[in-house]
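Participant: mind looking at a prediction? Sequence and model below.
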There are 2 protein chains.
Amino acid sequence: MIRIILVDDHAVVRTGYRRLLDAEPGLQVVGEAASADEANALVLRTTADVALVDLSLRGSSGIEAIRGMLARCPTLKVLVLSMHEGAGHVTQALRSGALGYLTKYCEPGEVIDGIRRIAAGKRVFSPEIAQVLAEEAIDGDGALAHLTPREFEVLRMLVHGESATGIASSMHLSPKTVLNYLTLIRQKLDADNDFKLLHLAARHGLVDMNHALGA
Amino acid sequence: MIRIILVDDHAVVRTGYRRLLDAEPGLQVVGEAASADEANALVLRTTADVALVDLSLRGSSGIEAIRGMLARCPTLKVLVLSMHEGAGHVTQALRSGALGYLTKYCEPGEVIDGIRRIAAGKRVFSPEIAQVLAEEAIDGDGALAHLTPREFEVLRMLVHGESATGIASSMHLSPKTVLNYLTLIRQKLDADNDFKLLHLAARHGLVDMNHALGA
DNA sequence: CTGCGCTCGGGAATTTTTCCCGGTTTGTCG
DNA sequence: CGACAAACCGGGAAAAATTCCCGAGCGCAG
């Protein structure tokens, strides 16, 4: 019998999983948690084999929950079940000790299958996630790495909301030069629109989103 | 017997709801859809009383699905079940014809109760949503408020990284129309560059920065 | 010294964005 | 029911931005 803990801040989703998994022979849900704190408390008072963790919890993140649970119960097998496919989430989860990573787009059967494989100590990934990991490996050291210092600087000011002419005067450059840099940057980063630029910049810690965008 | 359609792009979540609702006397799930297009097709070949709609679908959004379904079946009662509490989402959903709006944080019992109330023609809101609506009313018309549904939809896809042509095909529009919408949006929001656009969108909960930008 | 890459910017071609237009649909109000 | 406003959709031409291509100066490693 595989004993399972559910960590997800959506009550409805938890209930759905509980019904799904309890109906499966050999699987049993032994606890639910809606936050990292609850998850930490839960692993201390129950013995579980597998934790099914959603990454986007309220307050603290699922990453936090994973670290806390593994610190208290190192034999726990963590399977992330997230709707986020971003490379950042995946690598962070794996570094924190997760064994597998499925997206919520997958079929219920895949989740059940995944839990069994995880419990057996194997790794499990959705096809989309495998794709992300592959690209990450190919990219190597981050796309921002081979920007020149000036280019990097221009990008940094841009994602902080500066206009091209603003950057120019701030850097004592011709607006034309800044525009030319921007063209180069967009090419090097393979970003056909500014939102992708922002995505990349954020991923590399170039800008603190919560502050910059006034969340 | 209340006949229910599920619209959610997560297969696991749909299955969870199906089990939850089918187990309830008087409720019956008669169809599932993972996208706006599927939802549109579904309402034509089934007779349903209530649609349970998640706002964040892949490709087109739940707003799109709501409009399409109501155009084809005006008597359908739409209950939104979203994880987004942003004011923008709520007002747009209501304007598009949704009768109620629950967050995924609520208990399963609340969802079942909500469906019964919606089927009876009543409005249903989570406490958090009521809160949002109240603030919205006090604030007056937030900047995003006087975007039309289509404009809002275009903006939503844009800040999620879609290209203009991508949005066009996804919404079954001419690229030219999308470009025209973008011009209008930038004017209405007084944003001379795309970063300010993202800034506004983030403030109004249109996009979760930490998630979208993979922090 | 010589080559190479970064820095800086001009000018012209190209693309995108804007602005303005008209037609259709939808919904509301007298 | 008719009138009217507002939203929806897209075309075409002008205006603005971006890209492309170019060359010059500079510092530095081979």
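Facilitator: Everything's here; your move. Residues are numbered from 1 along each chain as shown, chains lettered A, B, ... in the order given.

Participant: where does pLDDT dip in chain A?
Facilitator: Applying pLDDT under 70 to chain A picks out residues A:59-61, A:86-88, A:131-145, A:203-215.

Participant: mind listing the strands for it?
Facilitator: A:2-7, A:27-33, A:50-53, A:77-82, A:100-103, A:124-125 (DSSP state E).

Participant: switch these over to JSON lines; also include mean neighbour count and distance to chain B.
Facilitator: Every C-beta, even on glycine, is put in place using the N, C-alpha and C of the backbone. Shown next, in JSON lines, are these (neighbours: other CB atoms under 10 Å in any protein chain shown; distance: least, CB to the nearest CB, whole Å):
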{"stretch": "strand A:2-7", "mean neighbour count": "23", "distance to chain B": "11"}
{"stretch": "strand A:27-33", "mean neighbour count": "19", "distance to chain B": "12"}
{"stretch": "strand A:50-53", "mean neighbour count": "26", "distance to chain B": "10"}
{"stretch": "strand A:77-82", "mean neighbour count": "25", "distance to chain B": "8"}
{"stretch": "strand A:100-103", "mean neighbour count": "24", "distance to chain B": "8"}
{"stretch": "strand A:124-125", "mean neighbour count": "20", "distance to chain B": "14"}
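
Participant: pretty sure A:Val30 contacts A:Val43?
Facilitator: No: assessed by CB atoms under 8 Å, A:Val30 is found out of contact with A:Val43, at 10.4 Å.

Participant: tally of neighbours for A:Ser163?
Facilitator: 16 (other CB atoms under 10 Å in any protein chain shown).

Participant: sorry, that was for A:Lys176
Facilitator: Neighbours of A:Lys176 (other CB under 10 Å): 10.

Participant: and what of A:Arg156?
Facilitator: 15.

Participant: centroid-nearest residue for chain A?
Facilitator: The centroid of chain A falls nearest to A:His89 when counting by CA atoms, centre = their mean (1.4 Å).

Participant: A:Arg95 is in contact with that one, correct?
Facilitator: No: contact criterion CB under 8 Å: A:His89 and A:Arg95 do not qualify, at 11.0 Å.

Participant: and the top helix by length along chain A, how far out from the chain's middle?
Facilitator: When chain A is scanned for its longest helix (criterion: DSSP state H), the result is helix A:175-189. Counting by CA atoms, centre = their mean, to the nearest Å, helix A:175-189 is centred 29 Å from the centre of its parent chain.

Participant: so it, near chain B or not?
Facilitator: No: contact between helix A:175-189 and chain B is absent, the nearest approach being 11.3 Å (criterion: CB under 8 Å from any CB of the partner chain).

Participant: separation between whatever residue of chain A ends up closest to chain B and B:Lys77?
Facilitator: Going by CB to the nearest CB, chain B is nearest to A:Gly16 of chain A, at 1.8 Å. A:Gly16 sits at a distance of 22 Å from B:Lys77 (criterion: CB to CB, to the nearest Å).

Participant: which residue lies farthest from the center of chain A?
Facilitator: Farthest-from-centroid check, chain A (CA atoms, centre = their mean): A:Ser174, 39.3 Å.

Participant: spatially nearest residue to that one, not counting backbone neighbours?
Facilitator: Closest residue to A:Ser174 apart from its sequence neighbours, by CB to CB, 6 or more residues apart in numbering or on different chains: A:Ala168 at 6.2 Å.

Participant: quick check: domain ranges of chain A?
Facilitator: As given by automatic domain parsing, the domain ranges for chain A are A:2-138, A:143-212.

Participant: please identify the deepest-packed of these.
Facilitator: domain A:2-138 (a mean of 19; mean count of other CB atoms under 10 Å in any protein chain shown).

Participant: how far off centre is that domain?
Facilitator: 12 Å.

Participant: before we move on, the earlier item: ok, the nearest residue to the residue of chain A closest to chain B once chain neighbours are set aside - contacts?
Facilitator: Closest residue to A:Gly16 apart from its sequence neighbours, by CB to CB, 6+ apart: B:Gly16 at 1.8 Å. By CB atoms under 8 Å, 6 or more residues apart in numbering or on different chains, the contact list for B:Gly16 reads A:12-13, A:15-17, A:19-20.

Participant: what do you get if the cut-off is 7 Å, keeping everything else the same?
Facilitator: A:13, A:15-17, A:19-20 (CB atoms under 7 Å, 6 or more residues apart in numbering or on different chains).

Participant: return the member of the residues you listed nearest to DNA strand D.
Facilitator: Among the contacts of B:Gly16, A:Val13 lies closest to DNA strand D (CB to the nearest atom of the strand), at 31.4 Å.

Participant: these two touch, right, A:Leu147 and A:Lys188?
Facilitator: Yes: taking contacts as CB atoms under 7 Å, A:Leu147 lies within contact range of A:Lys188: 6.2 Å.

Participant: what does chain A put close to DNA strand C?
Facilitator: Contact residues (CB under 7 Å from any atom of the strand) of chain A with DNA strand C: A:148-151, A:171, A:173-174, A:176-177, A:180.

Participant: pick out the most distant pair among these.
Facilitator: Within these, A:Pro149 and A:Lys176 form the most distant pair, 19.4 Å apart (CB to CB).

Participant: so which residues of chain A form helices?
Facilitator: Secondary structure of chain A (DSSP H): helices located at A:11-22, A:36-45, A:62-72, A:87-95, A:108-119, A:127-139, A:149-159, A:164-170, A:175-189, A:194-203, A:209-212.

Participant: which secondary structure elements does the longest one contact?
Facilitator: Contact here means 3 or more CB pairs under 7 Å, 6 or more residues apart in numbering or on different chains; DSSP states H and E; on that basis helix A:175-189 packs against helix A:149-159, helix A:164-170, helix A:194-203.
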